[in-house]
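Undergrad: Compute the structure for the input listed below.
(one chain, ligands or ions: 1)
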Amino acid sequence: TIYRASTTAPVNIAVVKYWGKRDAQLNLPTNSSLSVTLSQSDLRTHTTASCSASYPEGDSLLLNGEPSDVTGHRTQSCFRELRARRAALEAADPSLPKLSTLPLRLVSENNFPTAAGLASSAAGFAAFVRAIANLYALPDSPAQLSLIARQGSGSACRSLFGGYVAWRMGSRPDGSDSLADQVAEASHWPDMRALILVVSAAKKGVASTSGMQRTVATSGLFQRRIDDVVPRHMDAMEEAIRDRDFAAFAEVTMRDSNSFHATCLDTYPPIFYLNDVSRAAIGAVEAVNEAAGRTVAAYTFDAGPNAVVYYLQQDEEMVVGTFSALLGDVTGWKDGVQSYKSPVVLVERLSEVIKTGVARVIMTGVGEGPVKTDEH
Ligand code: DP6
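TA: Residues are numbered from 1 along each chain as shown. Here you go, the predicted model:
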């Protein structure tokens, strides 16, 4: 017998960034963070979990068709925690099949190229945990499952929910209160959109796990970020989302990205994630906001040069029009967008940098959490 279950899980992009661990073993953060879950029609991981006594290879994971290592301590923590929960169910109800002792096989696929340089670990570990929880018929809530996904990759805990999601850092040493919590459903503020500029030839920079540990160990600015900056940003961001106040949302988003990248620069030796293309994208956002006479767009950057620009549906023409004029006919750019008339007087150099530096554009928006699907 082969038992199977499948799920999808979304990507999320933080507007208040997670950067720093207080416990690397349990993957506990130095600060809370908050993200927007992006629509799965554009970006998602699809994972099927199965288990069978007939699997000869033990636990395994196939990622976009390639065998992937499962012996790392993060993957092992997820397997262990999920099996322990299933074993507890089996102990309570002896009529249940003994799945907890069978080898697991995970088959996982992204609907976007891994080479796009988009953080896929968040969707990946969220789908991994959700798929096995479905297979095991675990009664655990998404918040409880987020405790497990967190151990796979910190940002993954936020991908168990749709909409607007906080990861509460918690204070307990065992990490039992460091979990995700939905601040608002996608339907609360459904017109949130994201334009992602995927920067070409982005060489592999410093990985987030080692980068953040270097920041914690060496940056003086970092202490101020976690003591003062992030707590203020978390409060202001939750308020902005509650009130659907885009100007406030945008300011906190941009300030928090800037603060995070400042601590990267303050790391010794320094870490540079932003490049000329990123800076040109910042320039374009500032230009469109100035031309609009109000805040219509907000940039944010993770541990790499790709720009994510948040805006509201009603301002799409202005925001997307500006970027499409700057971009010209970059691959993957939606048809029809070109005809928008941008109010921004385009700076030649800005356009040149963006045009040559952006490989791909993704237009998406706020979306739902993991969804059960058919097996593949
Ligand atoms: C800059 O979640 O990839 O994207 O917990 O070590 O796997 P690990 O780190 P990861 O870090 C994400 C960092 C970030 C900010 C964010 O998503 O909040």
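
Undergrad: gap between stretch 86-106 and the chain center?
TA: 31 Å (C-alpha atoms, centre = their mean, to the nearest Å).

Undergrad: what comes up buried for it?
TA: R86, E90, L99, S100, L102, L104, R105, L106 (16 or more other C-beta atoms under 10 Å). Where you see a C-beta, it was placed from the backbone N, CA and C, and this is true even at glycine.

Undergrad: Now, those that are in helices?
TA: Of these, the ones assigned to helices by DSSP state H are R86, E90.

Undergrad: Among the buried residues of stretch 86-106, which ones lie close to the ligand?
TA: When the buried residues of stretch 86-106 are checked against the ligand using C-beta under 6 Å from any ligand atom, none falls in range.

Undergrad: Most widely separated two among the buried residues of stretch 86-106?
TA: With C-beta to C-beta as the measure, no two of the buried residues of stretch 86-106 lie farther apart than E90 and L106, at 20.5 Å.

Undergrad: next structured bit after the lowest-mean-pLDDT helix or strand in the chain?
TA: Within the chain, no helix or strand scores below helix 348-357, which has a mean of 85 by mean pLDDT, DSSP states H and E. Where DSSP states H and E defines the elements, the next helix or strand beyond helix 348-357 is strand 358-365.

Undergrad: Helix or strand next in line after that following strand, which one?
TA: Downstream of strand 358-365, the next assigned helix or strand under DSSP H and E is strand 371-373.

Undergrad: Quick check: buried residues in that next one?
TA: T373.

Undergrad: Counting by contacts, list what that strand packs against.
TA: strand 3-10 (3 or more C-beta pairs under 8 Å, 6 or more residues apart in numbering; DSSP states H and E).

Undergrad: neighbouring contacts of the strand it packs on?
TA: 37-40, 43-52, 97, 99, 102, 123-124, 126-127, 130-132, 134-135, 159-160, 162, 367-376 (C-beta atoms under 8 Å, 6 or more residues apart in numbering).

Undergrad: what does the next helix or strand along the chain from it rub up against?
TA: Using DSSP H and E, the next helix or strand after strand 3-10 towards the C-terminus is strand 12-16. With contacts defined as C-beta under 8 Å, 6+ apart, strand 12-16 is touched by 32-38, 122-123, 155, 158-159, 165, 194, 230, 233-234, 237, 249, 252-253, 256, 298, 300, 302, 308, 310.

Undergrad: Strand partners (parallel or antiparallel) of strand 12-16?
TA: Here strand 12-16 has these sheet partners by DSSP bridges: strand 33-37 (antiparallel).

Undergrad: So is the strand it pairs with next to the ligand?
TA: Yes - Strand 33-37 lies within reach of the ligand by C-beta under 6 Å from any ligand atom, at S33.

Undergrad: That strand: how far from the chain's middle?
TA: 7 Å.

Undergrad: List, one by one, the residues from the protein near the ligand.
TA: Checking the chain against the ligand by C-beta under 6 Å from any ligand atom, the hits are 14, 17-19, 27, 33, 119, 121, 153-155, 208-209, 302-303.
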